[in-house]
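*Asks:* predicted model and sequence below, questions to follow.
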There are 2 protein chains.
Amino acid sequence: MTHWVRLLDWVLGIMAVGSIWYSIHNFKSVKKILVGRPLRTAELYSQHTKLFWFIALPILAADLYSSVAYGPEAGLSELAPFGEAAKWLLIPITIAAVLLLGILILSYIMGILAYPNGGGAYAIAKDNFKSKWIALVASSSLLIDYILTVAVSISAAMEALVSAYPILVPYKTVLAIVCVLLLVIFNLRGVAESARILAWPTICFMVCMLVIITVGFIDGFQHGFIKESTPRIGKIPEGLSLLILLKAFSSACSALTGIETISNSVPVFREPQQKNAIKAYIELGTITSVTIVGFSFHLYVNGISVNPNNTMLSQLTSIYFGSGIIYQLIIWFTFIVLILAANSTFNGFSQLGAIVAGDGFLPRALLNRGDRLGYSNGIIVLASFAALLIICFQAHTNSLIPLYAIGVFLSFSIAQIGLIRRWLKVKGPYWQLKFAVNIVGAIITTIVAIIFSVTKFSGGAWIVLIVLPIFILFSLAIHRHYEAIMLELELDLRTFPVTKEVISIVLVSGVHRIVNNTLTFAKSLNDEVIAVYIGYDDEAIHQMKEKWADWGTPCRLICLKSKYRSLIEPLSRLIKVIEEKHEDKLIHVLIPQFIPVKWWHNLLHNQSALLLRIWFLYHKDIAITTVPYHLKK
Amino acid sequence: MTHWVRLLDWVLGIMAVGSIWYSIHNFKSVKKILVGRPLRTAELYSQHTKLFWFIALPILAADLYSSVAYGPEAGLSELAPFGEAAKWLLIPITIAAVLLLGILILSYIMGILAYPNGGGAYAIAKDNFKSKWIALVASSSLLIDYILTVAVSISAAMEALVSAYPILVPYKTVLAIVCVLLLVIFNLRGVAESARILAWPTICFMVCMLVIITVGFIDGFQHGFIKESTPRIGKIPEGLSLLILLKAFSSACSALTGIETISNSVPVFREPQQKNAIKAYIELGTITSVTIVGFSFHLYVNGISVNPNNTMLSQLTSIYFGSGIIYQLIIWFTFIVLILAANSTFNGFSQLGAIVAGDGFLPRALLNRGDRLGYSNGIIVLASFAALLIICFQAHTNSLIPLYAIGVFLSFSIAQIGLIRRWLKVKGPYWQLKFAVNIVGAIITTIVAIIFSVTKFSGGAWIVLIVLPIFILFSLAIHRHYEAIMLELELDLRTFPVTKEVISIVLVSGVHRIVNNTLTFAKSLNDEVIAVYIGYDDEAIHQMKEKWADWGTPCRLICLKSKYRSLIEPLSRLIKVIEEKHEDKLIHVLIPQFIPVKWWHNLLHNQSALLLRIWFLYHKDIAITTVPYHLKK
């Protein structure tokens, strides 16, 4: 075996050097082949750029298919305490997970049939339940799980990396945070992302996985499937309870996350959209099932153990291919696909966040689009929480797994129940069949969600089960706040702006150009202008009065004395007096502010204008005008 | 020896319990005895609270006398590499430092004679030199040294503490930072500080030091002054260069910092002020000299070595008193006096900073007084830099010492040269004698400053020698900036505010109460009001136009379409057009802003009003009015 691996390594090495040389000399054409014409995300949905299902498949598959890299490992690591004797259990667990995958895909195909324009769990729940909170459970659990997807995918990517380069082990967390930051920049800048370029790494990763599985079988046929390292099958290890087995199963099911992507993106497909999307689902399900079963089988055959600093994928690969170029390629494609999965989550999170915010259940700031593409605030919120999780869990995938997938399965269940209600209401052709599929799906996903909550509870799921209701309560409170404000602001159209007299108060600190500038503006607007000077001692006030008279008294001047060197206290006292004396008049305070040439010059000047403005804004119901004076020097 | 120490420990212990019991039951009278009537700092200078010199002495002495705790150790630690053989050199070094102390005190007495109202180096330099930069060198080097005083004193206090409680060693830096924070709070809150309470710890510390010295001599007379541990005298160890000796001397001279305090505070003394201040200087000089010589002598006799986690003072004390209550008392008084020294520096720094800022050489913000006493910004600046130094040097006194005292001696020299110029100019009785004293003082302090710079250069003094000129250049730049602005703002008194027509632009986001509120104000002030609506698509604009018409068109409405969801871009385009069309008119932008009940509700609302205001303030020369609408819910 090692002979031809080494030969292949050499051939690939020469090919790599050759293709780099060629690419450098023919950069444009290579780029065109690989990347295609740059596409904006918006264009993804425009008519002439609809995708053939076999192109759309890998693009939409990154999320689900990348989980294959850590799913089986997450399952087996729960059984690690039982050693060799428990390893064979990976096979039945994987088969159970694949069956679940089949059921989920069938249910999601029903979803496509019901909502051909793409409907996430939130949309389905909103459409089929009256109570707002059910849709909120779906959206909140999905949003939480999106955060976890980023944390888990990036941690898994780092684990792939450190498996190949053990020297990086101590920097895993730091590197993971750097990755999050890079994704934020990438998403905030909204680099005109080409859909097609995203297809390649997933295709390559699929090919890699299939190559590993094929080579494993060739190896098995040549040398027999039972090796020295193959553990004995069929014995249940002592002390292994059903709970632990279910826990291993639920951890392995983290490989199924990301399955909802295709159903959300039906409009991306070429006509006939529904048919193509269904085709893609079946295809993806088949490939994923083959991969996950084959991968788990070889893991078992080679008796691979869980090692925190060397992923099982890396261990298996190095058994077949050593540590040459093929090994490097597989590791790097795993890494890239996992990062892509995190990247696609940024899109999903900020879009869902914007939809929920648009319905008034989350801060409106999530609706703000950046100067380029993308909802900037959503991107930042997602990255912050994901980074927090990565730091708390030291970028360790298997510690994050217990928190993961509960949210997804919760929203799966809600979507299924929503679909059931829909079939009962809408009916349509074959509705009984669709209804039956979703009934089965709903029961199974609900059972799985309960299994997840129970088995993973002490491992970290309690965090999600505490955060989720708090999150929903917050959403409802936000909604109430927005509704209360909307009611409060509602204007009776018979009310009409009625003009009143205005008293303008100009704060002056002396006699200079800035004051002249502000007075010019104040007097242009209003005849009733009062200048107010606040002095710290009698001498300063006396001087000011003299200067004012010398200037020719452009308007009435009131001098206030401040014993405690505060501007706010005497001024608010004066305003109170004016308010009481002239109840029918509006008060208008004008604050001169000079703007230095360089912003850091502000450090050299007292920011009293700013402080006054903030204080008045929050404490008085009076209009405040800042009259800027731009310095030239 | 240990017998009566243990007896005394018991007696003190019983007395302590008894006095605590008594204090609890007679809290008020005990407080009155200890603290006296609370005094404000301002009162310190009022006529009826003038201090007798023997009360003023300990209050003003904390700074200088506390340095005794670390000065000799700093000197000896430079000689540590030469081991036992170099220990005797502490004696000649201490004698040299005491001689320098005598010369400094003499020179400062001349300072008191020249400036009976108290004059720091900055005031003397400003009074006697034409060039501004000489006074700036004095003030800047003093400010830098104040920062170092805080860092060194607090570090030394921490070292005293960890000597008694080695368990605290790993927390030294953290505890030091906590101390800085507590001092900041203490100084910012301006706790009505009583001058008299500050006298007690210093008096107690003085007594402690004198007790140690006396006990040392008693011990010496009983058991002989040459012990097993006493190193041999008189041999210069191999490899010891003059440079290293001078370095040890300059480090030991850190014990002389704080000497300037009395001369700055002459007005605090009772009449005859000058005579009493001079008396206090002589007294303080005598006590300090006796203490430092006696302390060094006993350190030598007992052959005590430098130990980073156990100060020499702690080692000496435990030789005589074990680790009982007397030891604890001495350690705690050392700790308190060192913290007091840091505390008094807060006052000195912020006052000097305010004086220099008043002359326009530092940011005016240093002149801001807090709501209570004290210049808040100066306090914060001092604490931040001191904390930075403590963190950088891990609260290790001997690492900070090389940076220390250069500034003080530089300002000493400048003050002396300033006095020389004054005697030549003013003359007066015995001026030749005073002149001679200051000539000698100037020459010696200059030599010492040069020795400091050279010997400590590589150890850290280079930092000060780089920071100092940068600081001075900054000060000069700040001064230029303030002068340029003053010139720019100067108003020709013939200029008079000339009124112009104003176009008011009100930003509207729909038809609701806030818009009604803002329009009411705008129309009250001005007839020419234009409402501007910015929509993201045609439908929104169409709806707005309809609503506006339904409302009855309270004023002209301009709708702008923003393709990129930006408010600034279309608005600034519109303003440009108006500016070009109506060159003679002023433009006034009114922004409605609603103020939620709770400040954190702001998180739920887009801060476009704020962002717009900031943008316009910096980019356009137009007045901006914020019309607040306070929500009730």
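*Replies:* Alright, I've got the coordinates. Please read these numbers as outputs of a predicted model, since none were measured by experiment.
*Asks:* isn't A:Phe321 right next to A:Gln328, touching?
*Replies:* No - here A:Phe321 lies out of contact with A:Gln328, judged by Cβ atoms under 8 Å, at a distance of 9.4 Å. All C-beta atoms are positioned from the backbone trio N, CA, C, and that covers glycine.
*Asks:* out of the two, which sits in the busier spot?
*Replies:* A:Phe321 (23 against 15; other Cβ atoms under 10 Å in any protein chain shown).
*Asks:* shaky segments in the stretch 501-633 of chain A?
*Replies:* Along the stretch 501-633 of chain A, segments meeting pLDDT under 70 span A:563-565, A:604, A:606, A:633.
*Asks:* how about the helices of it, start to end?
*Replies:* A:513-525, A:538-551, A:568-581, A:608-619 (DSSP state H, counting those that start in this stretch).
*Asks:* please enumerate the strands of the stretch 451-600 of chain A.
*Replies:* For the stretch 451-600 of chain A, the strands defined by DSSP state E, counting those that start in this stretch cover A:502-508, A:529-535, A:556-561, A:586-595.
*Asks:* format the ones you listed as CSV; extra columns: distance to A:Val440 and mean neighbour count.
*Replies:* Converted to CSV, the strands of the stretch 451-600 of chain A look like this (distance: least, Cβ to Cβ, whole Å; neighbours: other Cβ atoms under 10 Å in any protein chain shown):
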stretch, distance to A:Val440, mean neighbour count
strand A:502-508, 72, 22
strand A:529-535, 77, 21
strand A:556-561, 79, 15
strand A:586-595, 68, 21
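*Asks:* dump the ones you listed to TSV, plus distance to B:Lys500.
*Replies:* Formatted as TSV, those follow (distance: least, Cβ to Cβ, whole Å):
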stretch	distance to B:Lys500
strand A:502-508	15
strand A:529-535	14
strand A:556-561	21
strand A:586-595	15
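*Asks:* I'd like those as JSON lines, with distance to chain B appended.
*Replies:* Listed next are the strands of the stretch 451-600 of chain A as JSON lines, based on distance: least, Cβ to the nearest Cβ, whole Å:
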{"stretch": "strand A:502-508", "distance to chain B": "5"}
{"stretch": "strand A:529-535", "distance to chain B": "9"}
{"stretch": "strand A:556-561", "distance to chain B": "13"}
{"stretch": "strand A:586-595", "distance to chain B": "6"}
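*Asks:* closest to A:Phe521 out of those?
*Replies:* strand A:586-595 (7.1 Å; Cβ to Cβ).
*Asks:* now that closest one against helix B:513-525, angle please.
*Replies:* 90 degrees (axes from the mean of the first three to the mean of the last three Cα atoms, to 10 degrees).
*Asks:* give me the sheet partners of strand A:586-595 and which way each runs.
*Replies:* The pairing partners recorded for strand A:586-595 under DSSP bridges are strand A:502-508 (parallel), strand A:623-630 (parallel).
*Asks:* out of the strands of the stretch 451-600 of chain A, which comes closest to A:His25?
*Replies:* A:His25 sits nearest to strand A:586-595 of all the strands of the stretch 451-600 of chain A, at 54.0 Å, using Cβ to Cβ.
*Asks:* quick one: contacts for A:Ala442?
*Replies:* The neighbours of A:Ala442, taking Cβ atoms under 8 Å, 6 or more residues apart in numbering or on different chains as the test, are A:Ser107, A:Ser413, A:Gln416, A:Ile417, A:Ile420.
*Asks:* buried subset of those?
*Replies:* Buried members of the contacts of A:Ala442, scored by 16 or more other Cβ atoms under 10 Å in any protein chain shown, are A:Ser107, A:Ser413, A:Gln416, A:Ile417, A:Ile420.
*Asks:* one step back: looking at the helices of the stretch 501-633 of chain A, which one is packed in the most?
*Replies:* With neighbours taken as mean count of other Cβ atoms under 10 Å in any protein chain shown, these reach their highest mean count in helix A:513-525, at a mean of 23.
*Asks:* please state the offset of that one from the chain centre?
*Replies:* Centre-to-centre, helix A:513-525 and its host chain are 50 Å apart (Cα atoms, centre = their mean, to the nearest Å).
*Asks:* swap in stretch A:470-479?
*Replies:* On Cα atoms, centre = their mean, the centre of stretch A:470-479 falls 19 Å from the chain's centre.
*Asks:* next, the buried residues of that stretch.
*Replies:* A:Phe471, A:Ile472, A:Ser475, A:Ile478, A:His479.
*Asks:* how near is the first one to A:Ala365?
*Replies:* Spelled out, it's A:Phe471. A:Phe471 is 16 Å from A:Ala365, where distance means Cβ to Cβ, to the nearest Å.
*Asks:* and the pLDDT at A:Ile203?
*Replies:* A:Ile203 is assigned 88 on the pLDDT scale.
*Asks:* any idea how far it lies from chain B?
*Replies:* Noted for A:Ile203: a distance of 35 Å to chain B, by Cβ to the nearest Cβ, to the nearest Å.
*Asks:* over to A:Thr397?
*Replies:* According to Cβ to the nearest Cβ, A:Thr397 stands 33 Å off from chain B.
*Asks:* now do the same contact list for that residue.
*Replies:* A:Tyr70, A:Glu73, A:Ala74, A:Val152, A:Ser155, A:Ala156, A:Glu159.
*Asks:* what about the stretch 51-200 of chain A, any weak spots by pLDDT?
*Replies:* A:51-54, A:118-119, A:189-197.
*Asks:* 50 instead, please
*Replies:* Applying pLDDT under 50 to the stretch 51-200 of chain A flags residues A:191-194.
*Asks:* do a quick rundown of the helices in it.
*Replies:* A:53-66, A:71-79, A:90-114, A:121-128, A:132-164, A:172-189, A:195-223.
*Asks:* with respect to B:Gly18, which of the ones you listed lies nearest?
*Replies:* Between the helices of the stretch 51-200 of chain A, helix A:172-189 lies closest to B:Gly18; by Cβ to Cβ that is 57.6 Å.
*Asks:* show me what that closest one is packed against.
*Replies:* Here helix A:172-189 touches helix A:132-164, helix A:325-358, helix A:376-392, going by 3 or more Cβ pairs under 8 Å, 6 or more residues apart in numbering or on different chains; DSSP states H and E.
*Asks:* quick one on the thing from earlier: if we compare the helices of the stretch 501-633 of chain A, which one ends up closest to A:Ala387?
*Replies:* Of all the helices of the stretch 501-633 of chain A, helix A:608-619 sits nearest to A:Ala387, with 31.5 Å by Cβ to Cβ.
*Asks:* alpha carbons only: can I get the closest one in PDB?
*Replies:* C-alpha atoms of helix A:608-619 as PDB (Å, rounded to 0.1, in the frame of the first residue of the first chain):
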ATOM      1  CA  SER A 608     -18.900  71.500  28.000                       C
ATOM      2  CA  ALA A 609     -21.100  72.000  24.900                       C
ATOM      3  CA  LEU A 610     -21.400  68.300  24.500                       C
ATOM      4  CA  LEU A 611     -22.000  67.600  28.200                       C
ATOM      5  CA  LEU A 612     -24.600  70.400  28.400                       C
ATOM      6  CA  ARG A 613     -26.400  69.100  25.400                       C
ATOM      7  CA  ILE A 614     -26.600  65.500  26.700                       C
ATOM      8  CA  TRP A 615     -27.800  66.800  30.100                       C
ATOM      9  CA  PHE A 616     -30.600  69.000  28.600                       C
ATOM     10  CA  LEU A 617     -31.700  66.300  26.100                       C
ATOM     11  CA  TYR A 618     -32.400  63.900  28.900                       C
ATOM     12  CA  HIS A 619     -33.700  66.300  31.600                       C
END
